[in-house]
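# show me how the following folds:
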Amino acid sequence: MVSSILKAGLEGIVQDDRMRTPEAEHQILAGGLPFPHTMALVCRLWRDIVSSTPELWTRIFWMISVPEEEGCHLIDSQLEKSGNYPIHLTIINSWSHQRGIRVILHHIAPHLQRLKSLRMANFYEAYDQPHLDTLTGYASQLESLQLTDGKHIHHCTNFKSRLKLDCPALRIFHADIIVACNLDHRWLKNNLTHVEFMTISCGSNWIRNSQAVMLSRALDAVPRRIPCLTLDNLQLSDSSLASINQAGIKIRAEQVILHISIDALAAIDDDCQTIVIKKCDSVHDLQIISLPSSSRSLELDGCDSKKLRRVPDTRTWDGDTVTITNSHSSCIEIILHLLGAPFNDHSCSLWRHVTTLKLVANGDFVLNLPLPLLKAMISSRQGAAGQNNLSGKNVEDNVELKGVRPLMVFHVHGGQPLSCEESVWFEKRVRDFVWDCKR
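This next block holds a predicted model:
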């Protein structure tokens, strides 16, 4: 029983590892020791179970900050304790050692076929020097590969890709933009056939026009539509977007998650089904950036916005579902205007086909919803939809209202208390209405 619990705990840690960039603090658990050392301190029974269960030693988290001989001894010891089970390896070059990566990779190389996941951070000298050549061969079980460096990779002088791992089972791939831009396209075609989650981290700087084109070509080399693509703070200038358009390349993915920046919206192809925007404080830019025409769903999570200062441009969208989670009221107000809430007496139903709106508060977050604006949006859409074949048009701003559909589903989870009178008002106008207050 104890062994099963510990295995389940380790599996949860490994799954969490796969979805985030490795940091030094992720190495330690309770008591300041890595798993499973912490578990072995509970009692003699647990120590015996840990020492006799090789599966518990398969997460190897190593920071290159100790003398090489000691580090290699510990790595070899844990590899031996893990038996022949698949291993999950994380390497962080915390002190930017010139030889550390090479030495560790040399010890790992004989175990390539056991690798289940590999994460490397702060590895710039391994990229600038031929150290990655050590990892050459067939890694048949490797499902997750992360190559991130945010701090040092810009010091590289040789950006030629040295990645030679043969890993056709890869499902999760995460790389910095410079790594991604310089990957061999044949490697991408051979190894990302089954990729499900792909993340490109872009740091805090705008990327150059040439980088924008190189990145779009690298993404285009992936031999399938990417099921879920995350672009972490991809900041594109107008000239970068123009360069991508001139190259005739669009980003192909079923779902695109845009973290912080939404500049890449203009580079996504029209067949993308879902757009997710996270931690963005410029949602107001949606009034001037078009969403992919065929996308059905828009999700906003942890977003903010400036106040609307003018009637939105005619950037229509034909999706049907909008979900807003843990976002500031200013973000919600922008979306309500795009859905039809009048702005300075102008009707703005630019997202005409939306029939489902969900507003959600998770954790301790409390939604502060603008009730008058919510009512105005619902009434505006009902009025426009009730005109049947007639169209309402704001002549001055050329905002087309024809084809507007009424809101059919309106769910609020975590809103402020609603009076009986207000609840009746919504119930009369929305077929599927739910309003759960925050307790």
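
# find the nearest non-adjacent residue to residue 280, please.
Counting by Cβ to Cβ, 6 or more residues apart in numbering, residue 280 lies nearest to residue 303, which is 4.9 Å off, once chain neighbours are set aside. Quick note: C-beta positions are derived from backbone N, CA and C, even for glycine.

# just give the number of residues close to the one you found.
Residue 303: 25 surrounding residues under other Cβ atoms under 10 Å.

# got it, and residue 186?
Residues lying near residue 186 (other Cβ under 10 Å) number 9.

# element containing it, please.
According to DSSP states H and E, residue 186 maps onto helix 185-191.

# run through the neighbouring helices and strands of that helix.
The contact analysis (3 or more Cβ pairs under 8 Å, 6 or more residues apart in numbering; DSSP states H and E) places helix 185-191 against strand 164-166, helix 209-221.

# sheet partners, orientation included, of the shortest one?
This points to strand 164-166. Sheet pairing here is set by DSSP bridges, and for strand 164-166 it gives strand 136-138 (parallel).

# contacting residues around the partner strand?
109, 112-113, 164-166 (Cβ atoms under 8 Å, 6 or more residues apart in numbering).

# report the two members of these separated by the largest distance.
The span of those, defined through Cβ to Cβ, is set by 113 and 164 at 15.0 Å.

# looking at the contacts of strand 136-138, which has the most residues close by?
For these, the largest number of neighbours (other Cβ under 10 Å) sits with residue 112, at 20 neighbours.

# in a strand, that's where it is, yeah?
No - read with DSSP: H, G, I helix; E, B strand; the rest coil, residue 112 is helix and lies in no strand.

# so for stretch 202-220, what's the average pLDDT?
Mean pLDDT, computed over stretch 202-220, is 89.

# tell me which residues in it are buried?
By neighbour count on 16 or more other Cβ atoms under 10 Å, the buried set for stretch 202-220 is 202-203, 207, 209, 211-216, 218-219.

# quick one: distance of that stretch to the chain centre.
Distance of stretch 202-220 from its chain centroid, counting by Cα atoms, centre = their mean, to the nearest Å, is 17 Å.

# lowest average confidence, helix or strand, in this structure?
strand 393-394 (a mean of 42; mean pLDDT, DSSP states H and E).

# and the residue nearest to residue 293 when sequence neighbours are not counted, what element?
Distances taken as Cβ to Cβ, 6+ apart place residue 270 nearest to residue 293, at 4.5 Å, with adjacent residues excluded. Using DSSP H and E, residue 270 is not contained in any helix or strand.

# at which residues are the helices of the chain located?
In order along the chain, the chain carries the following helices (DSSP state H): 2-18, 37-40, 44-51, 68-81, 100-108, 124-128, 177-181, 185-191, 209-221, 238-247, 329-339, 371-385, 420-429.

# of those, which shows the lowest average pLDDT?
helix 124-128 (a mean of 53).

# before we move on, the earlier item: from residue 238, how far out is the residue nearest to residue 293?
With distances taken as Cβ to Cβ, to the nearest Å, residue 270 is found 20 Å from residue 238.

# re the thing from before, tally of neighbours for the residue nearest to residue 293?
The number of residues packed near residue 270 is 11, by other Cβ under 10 Å.

# flag every buried residue along the helix holding residue 186.
For helix 185-191, by 16+ other Cβ under 10 Å, it's 187-188, 191.

# that older thread, could you report the pLDDT at the residue nearest to residue 293?
pLDDT at residue 270 comes out at 92.

# how close does it get to residue 284?
Distance of residue 270 to residue 284, given as Cβ to Cβ: 23 Å.

# now the strands: where do they sit in the stretch 251-400 of the chain?
Under the criterion DSSP state E, counting those that start in this stretch, the stretch 251-400 of the chain carries strands at the ranges 253-259, 274-278, 297-301, 321-325, 356-360, 393-394, 399-400.

# could you export the second one as CSV, CA atoms only?
Output of strand 274-278 as CSV, limited to C-alpha atoms (Å, rounded to 0.1, in the frame of the first residue of the first chain):
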residue,chain,number,x,y,z
THR,A,274,-9.5,27.4,-30.1
ILE,A,275,-7.6,30.5,-29.0
VAL,A,276,-6.5,30.7,-25.3
ILE,A,277,-5.1,34.0,-24.0
LYS,A,278,-3.4,33.9,-20.6
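
# each with direction, which strands does it pair with?
Assessed with DSSP bridges, strand 274-278 is paired to strand 253-259 (parallel), strand 297-301 (parallel).

# now the longest one: mean pLDDT?
It refers to strand 253-259. 97.

# go on, stretch 343-350?
The predicted model assigns stretch 343-350 a mean pLDDT of 70.

# repeat that for stretch 308-320.
76.

# how long is it end to end?
This stretch, stretch 308-320, spans 23 Å end to end (Cα to Cα, to the nearest Å).

# could you shift the numbering so residue one becomes 24, and keep it that way?
OK, 24 is where the count begins now, so the last one is stretch 331-343.

# next one: stretch 353-370 to chain centre, how far?
The chain centre lies 28 Å from the centre of stretch 353-370; the measure is Cα atoms, centre = their mean.

# and that stretch, what's buried?
Applying 16+ other Cβ under 10 Å to stretch 353-370 flags 353-366, 370 as buried.

# looking at those, spot the one nearest residue 398.
residue 364 (8.7 Å).

# relative to residue 344, which of the helices of the chain is closest?
helix 352-362 (11.7 Å).

# ok, and what's touching the closest one?
By Cβ under 8 Å, 6+ apart, the residues outside helix 352-362 that reach it are 306-307, 309-310, 323, 326-331, 335, 345, 347, 364, 366, 371-374, 377, 380, 382, 390-393, 396-397, 399-400, 404, 430.

# many thanks, have a good one.
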